[in-house]
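Trainee: I'll drop the sequence and a predicted model, then ask my questions.
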Amino acid sequence: MSDRTQRLGDVIPRPASVRPVPAASFAIIDGGTAVSAPPPLEGVAGHLGLPLAADGAIVLALDEALPAEAYRLEITATGVTLAGGSPQGVFWGVQTLRQLGRNLPGGVIEDHPRYAYRGAMLDLARHFFTPAQIKAHIDLLVQFKINHLHLHLTDDQGWRLEIPGWPRLTEVSGGPGTGVDGAGPGFLTLGDYADVVAYAADRFVTIVPEIDMPGHVNAVHVAYPELTADGQPVAPRTDAEVGYSSLVAGREETYTFVETVLKTVAGLTPGPYLHIGGDECLSTPPEDYRTFLERVLPIPGRFGKSVIGWHEIAGVDLPEDAVVQYWRIEATDDAVARAAAAGRRVIVSPADRTYLDMKYDADTPLGLDWAGHLSVERAYDWDPAERLPGVGEDAILGVEAPLWSETLRSVDDMRYLTFPRLPAVAEVAWSPRDGRDWPSFRERLAAFGPRWTADGISFHRSPEIDWH
Ligand code: TNX
């Protein structure tokens, strides 16, 4: 972090309310400044990297009058008070404090999120990332108050989560040669997965696991040919095509498999959601798609979870607590609008605004361009509640930025596409609509260049930003 004194509002995402008191400021002194926190906040206090003491100049507190994710931060010449509606709210306030650096400008920030679900997605199927790499990613995401990490665990090119009783899923489809170009092998054992979930929970991030079906299942068929329509062996696929594989809707074996997988995943998941995919089932006859989903959509509910699916599921009768994730670039979607009108909640992930795997511009060495180029300004300058007719503020659970990994080969690649667009989408999801504007955002974003450079975080030096 730079030691430069900033203005109090120089934070991403922009806080709901900022009242600077320029005459006052407080400097954190290494070895001098301590934090005092009641026992339920000691874990959160640890994220400040300062010693705990009974009479610290930085005081953390709970304030039951605030909503759970809200916080109030007051900086005076003598110290700092940070109160949150819950430990999570205090944790978001800690992220604000950390962005302000060591020389804290005086004043009061009162802040709370616009949307409850502020997500990022990582595709582990097309290219695997290790638990240590996923954890490092979580550390970067929470700085921008992202509170859900959706893990796309399975696809045609690989299966990345151990499932007891079905060992070939990971032995074969998580083994050498899997992933796009065969370059991204690996899988999470049950222990690895639990470890990632716990690490995320310590940072108030909910892991949302996705098992994609009935399409995107070639890796299942490679491991278990008995689940194909004709029982014949299937060749592994390491290309980036979509829409050619499908579970068989008319066979009981399919549902035995799906039940076991979803039961395992539910058992590993403290969070409320199981994502069952449902996208791009181009080789599943529409009747079979309906039959399959009518059987599968209720399963997460039997394990105490709410089902999420990509928006193609909106064409089927949905459980009341189902969540629909819109991902395409079209200006309208009648089925999603009908689902919203019937009370279903929507996660907004339009590819032309939130897909971190789209190229920034024609020169971007990584990424795809089927949804066009996604500049930082395009990722920032839109409003979720105006994106889809019939899907207004009340229907929106939140916003998510997916990162598909067909073109990724390393952590540097992952970060290059994530930064600086993830902070843009994070501000869309957190900050009030009328407190946002592009000139302010690009100025605040510029300050992150030197920090990312100092921390060795690769990012795209977009020419849209006057980097410090
Ligand atoms: C579409 S978005 C897909 C993925 C690809 C992605 C690439 C969605 C639900 N399905 O299978 O990885 O495009 O951008």
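Mentor: Received, thanks. Numbering: from 1, shown residues only.

Trainee: the residue of the stretch 251-400 of the chain found nearest the ligand - how many residues pack around it?
Mentor: Of all residues in the stretch 251-400 of the chain, D279 sits closest to the ligand, at 3.5 Å by Cβ to the nearest ligand atom. In this view, the C-beta of every residue, glycine as well, is placed from N, C-alpha and C. The local packing of D279 (other Cβ atoms under 10 Å) involves 20 other residues.

Trainee: tell me, how many residues neighbour the residue nearest to it when sequence neighbours are not counted?
Mentor: Nearest non-adjacent residue to D279, counting by Cβ to Cβ, 6 or more residues apart in numbering: W310, 3.6 Å away. Counted with other Cβ under 10 Å, residues neighbouring W310 total 24.

Trainee: same thing with the one 3 residues further on?
Mentor: The local packing count at I313 equals 27, with neighbours defined by other Cβ under 10 Å.

Trainee: pLDDT below threshold where in this structure?
Mentor: For the chain, applying pLDDT under 70 flags the ranges 1-5.

Trainee: how about the secondary structure of the nearest residue to G392 once chain neighbours are set aside?
Mentor: Spatial nearest neighbour of G392, excluding adjacent residues (Cβ to Cβ, 6+ apart): A385 at 5.4 Å. Counting by DSSP: H, G, I helix; E, B strand; the rest coil, the backbone at A385 sits in helix.

Trainee: so when I look at G106, I'm seeing a strand, right?
Mentor: Yes. Using three-state DSSP, the assignment for G106 is a strand.

Trainee: if we can go back for a sec, give the contact list for the residue nearest to D279.
Mentor: Contact analysis of W310 by Cβ atoms under 8 Å, 6 or more residues apart in numbering lists G277, G278, D279, E280, Q325, W327.

Trainee: helices along the stretch 201-350 of the chain, start to end?
Mentor: 218-223, 252-267, 286-296, 299-302, 334-341 (DSSP state H, counting those that start in this stretch).

Trainee: among those helices, which is the most enclosed?
Mentor: Most buried of the helices of the stretch 201-350 of the chain by mean neighbour count (mean count of other Cβ atoms under 10 Å) is helix 218-223; its value is a mean of 25.

Trainee: contacts for that one, please.
Mentor: 125, 154-159, 166, 168-169, 171-173, 178, 227-228, 233-237, 244-245, 247, 257.

Trainee: mind doing that once more with 6 Å?
Mentor: For helix 218-223, contacts defined as Cβ atoms under 6 Å, 6 or more residues apart in numbering pick out 156, 158-159, 168-169, 172-173, 227-228, 234, 236-237, 245.

Trainee: how many neighbours does the residue lying closest to K305 once chain neighbours are set aside have?
Mentor: Once flanking residues are discounted, K305 sits nearest to L274: 4.5 Å by Cβ to Cβ, 6+ apart. Residues lying near L274 (other Cβ under 10 Å) number 24.

Trainee: who does L274 bridge with?
Mentor: Judged by DSSP bridges, the bridge partners of L274 are V307.
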